[in-house]
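Student: next come a sequence and a model predicted from it.
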Amino acid sequence: MLKRLYRWLDLRIGVGEIVEKELTGYLLPRNINEWYSLGSVLLVIFALQVITGMLLMIYYVPDADKAFKSVTFIMNEVPYGWLIRLCHAVGSNMMVAVLILHMLSTLLMGSYKAPRELNWVTGFTLLALVQGISLTGYLAPWSQLSFWATTVATNSASAVPVVGPYLVEFLRGGKLVGPPTLGRFFALHAAVLPVVIAAVIGAHLFLLKRTGISAPPFGREGTANPFEAQQYHYQGHPGGIPFFPNYVLQDLTSISIYFAVFLAVVFFWPGMPFTPDAFVPADPFKTPAHIKPEWYFLANYQTLKIFPSELLGLSVQAAAMTFLALLPFIDRSPERHPLKRPVFLTLVIAGILLWIALSVWGHLS
């Protein structure tokens, strides 16, 4: 039956040619490793976030007077509502974590180097957008945690010279966080940012198809970047392994490992995304003690506290983010193997340790 259907489609739209070009004939480097499958894992996570988000919207009410009650109703009354909300909340954290790992593997293997500068820039843009969609979704439950965490986050924009107060008012829809803020954040979270993220993912995949997969610098004699900026050249891998079925099996293995970790958190550590303040309705007149942002913003939060002025703290962070975003245009060294770039490797490890230390400090302070 399937063979007849395949034959029917092949005669009309050339399915066989597509399969040959995009799957069995799409060759990857023989030394490709499992870190390359994180991109496929991220696509699955994004799809799951869209599906669970759409299911939550059936019962969620984006109104300041009804939002907390609707979330409580989803958790306690809707069949499997608790499971859908936990999957959405845990998935948002896991998406940031896997995206950071994907960026780190790209960084350490030198896969951001020419001609893949735009691949890196679109990936970095996706990291910022994913953090943005997580931040805007944080306010949706309208709890004490989400209300005051949003107050702290939006207040940081006030440190920007001249336009800071106007920027804060624009983000909040008023002087303070209130019902207009919830409406704006929900529109961004549910309508604008998912479309923008999907578009940037499409651009990222298009660039990947046009440049070709970069070969890992491990297990090879020559590890210098072979690209010469003279004319467009697709980096193919003659003699490599086919994407299907070889690397699809690796993708499925990585996705299975992700689901094992994800479901372990959902069923055995369901309180991970929440603190006690997440179960109390928002009260603008009662500031809870020790309000902290999500784990991926803790380093930024602590950096603002270290410097004597928020403007200086924001400037340092903006400089660091700009440096990372433009790294492919700054690092022009052809060498890609991290062990042959000791200064680079030392700086990367120092940066990771600094980020972890600031995050732990921010959590404990």
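Tutor: Received the coordinates, thanks. Numbers count the residues shown, from 1 in each chain.

Student: just the helices in the stretch 251-365 of the chain please.
Tutor: 298-306, 310-325, 327-330, 342-364 (DSSP state H, counting those that start in this stretch).

Student: put the alpha carbons of the third one into PDB.
Tutor: Extracted C-alpha coordinates of helix 327-330, given in PDB (Å, rounded to 0.1, in the frame of the first residue of the first chain):
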ATOM      1  CA  LEU A 327      32.500  37.300  17.000                       C
ATOM      2  CA  PRO A 328      32.800  35.800  13.500                       C
ATOM      3  CA  PHE A 329      33.700  39.300  12.100                       C
ATOM      4  CA  ILE A 330      36.300  39.800  14.900                       C
END
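
Student: now what about that helix, what contacts it?
Tutor: 107, 112-114, 116-117, 120-121, 323 (Cβ atoms under 8 Å, 6 or more residues apart in numbering). C-beta coordinates here come from the backbone N, C-alpha and C atoms, glycine included.

Student: next step: the residues you listed restricted to helices.
Tutor: 107, 117, 120-121, 323 (DSSP state H).

Student: adding distance to K69, write these out as CSV.
Tutor: Listed next are the ones in helices among the contacts of helix 327-330 as CSV, based on distance: Cβ to Cβ, whole Å:
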residue, distance to K69
L107, 45
E117, 49
W120, 44
V121, 42
F323, 45
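
Student: okay, among these, which ones form the most distant pair?
Tutor: E117 and F323 (14.3 Å; Cβ to Cβ).

Student: more neighbours: which of those two?
Tutor: It is E117, of E117 and F323, that has more neighbours when counted by other Cβ atoms under 10 Å, with 16 against 10.

Student: just the helices of the stretch 251-365 of the chain: most buried one?
Tutor: Across those, averaging neighbours per residue (mean count of other Cβ atoms under 10 Å) puts helix 298-306 on top, at a mean of 19.

Student: ok, residues contacting it?
Tutor: For helix 298-306, contacts defined as Cβ under 8 Å, 6+ apart pick out 152, 156, 292-293, 310, 313-314, 316-317, 355, 358-363, 365.

Student: same thing with stretch 53-68?
Tutor: So stretch 53-68 is in contact with 69-71, 73-74, 78, 81, 84-85, 88, 140-143, 178-179, 182-183, 186, 190, 194, 281-282, going by Cβ under 8 Å, 6+ apart.

Student: how about the helices of the stretch 251-365 of the chain in a markdown table, adding mean pLDDT?
Tutor: Listed next are those as a markdown table, based on pLDDT from 0 to 100:
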| stretch | mean pLDDT |
| --- | --- |
| helix 298-306 | 92 |
| helix 310-325 | 93 |
| helix 327-330 | 96 |
| helix 342-364 | 96 |
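
Student: what's the closest of those helices to T24?
Tutor: helix 327-330 (31.9 Å).

Student: from the middle of its chain, how far away would that closest one be?
Tutor: 21 Å (Cα atoms, centre = their mean, to the nearest Å).

Student: do the same with stretch 17-32
Tutor: In terms of Cα atoms, centre = their mean, the centre of stretch 17-32 is found 27 Å from the chain centre.

Student: got it, and stretch 328-347?
Tutor: In this view, stretch 328-347 has its centroid 24 Å away from the chain centroid, taken as Cα atoms, centre = their mean.

Student: residues in contact with the residue lying closest to T150 once chain neighbours are set aside?
Tutor: Closest residue to T150 apart from its sequence neighbours, by Cβ to Cβ, 6 or more residues apart in numbering: L139 at 4.7 Å. By Cβ under 8 Å, 6+ apart, the residues touching L139 are 146-147, 150, 177, 181-182, 185-186.

Student: again with E310
Tutor: 156, 158-159, 304.

Student: returning to what we had before: in helices, which of the contacts of stretch 53-68 appear?
Tutor: Per DSSP H, those map to helices at 69-71, 73-74, 81, 84-85, 88, 179, 182-183, 186, 194.

Student: just the buried ones from these?
Tutor: 70-71, 74, 81, 84-85, 88, 182, 186, 194 (16 or more other Cβ atoms under 10 Å).

Student: closest one of those residues to L101?
Tutor: Of these, the one sitting nearest to L101 (Cβ to Cβ) turns out to be H88, at 20.6 Å.

Student: all strands for this protein, in order.
Tutor: Remark: strands assigned in the chain by DSSP state E are 27-28, 241-242.

Student: relative to V44, how far out is R336?
Tutor: Distance, R336 to V44, using Cβ to Cβ, to the nearest Å: 28 Å.

Student: quick one, which of these two is more surrounded?
Tutor: More neighbours surround R336 than the other of R336 and V44, with 24 against 17 (other Cβ under 10 Å).

Student: tell me how many other residues crowd R7.
Tutor: Other residues near R7 come to 12 when the count uses other Cβ under 10 Å.

Student: apologies, that question was intended for G173.
Tutor: Residues within reach of G173, counting by other Cβ under 10 Å, total 16.

Student: show me the residues around the residue nearest to it when sequence neighbours are not counted that make contact.
Tutor: In this structure, G173 finds its nearest non-sequential neighbour in P180, 2.9 Å apart by Cβ to Cβ, 6+ apart. Counting by Cβ under 8 Å, 6+ apart, P180 makes contact with 172-174.

Student: and of those, the nearest to G219?
Tutor: R172 (52.8 Å).
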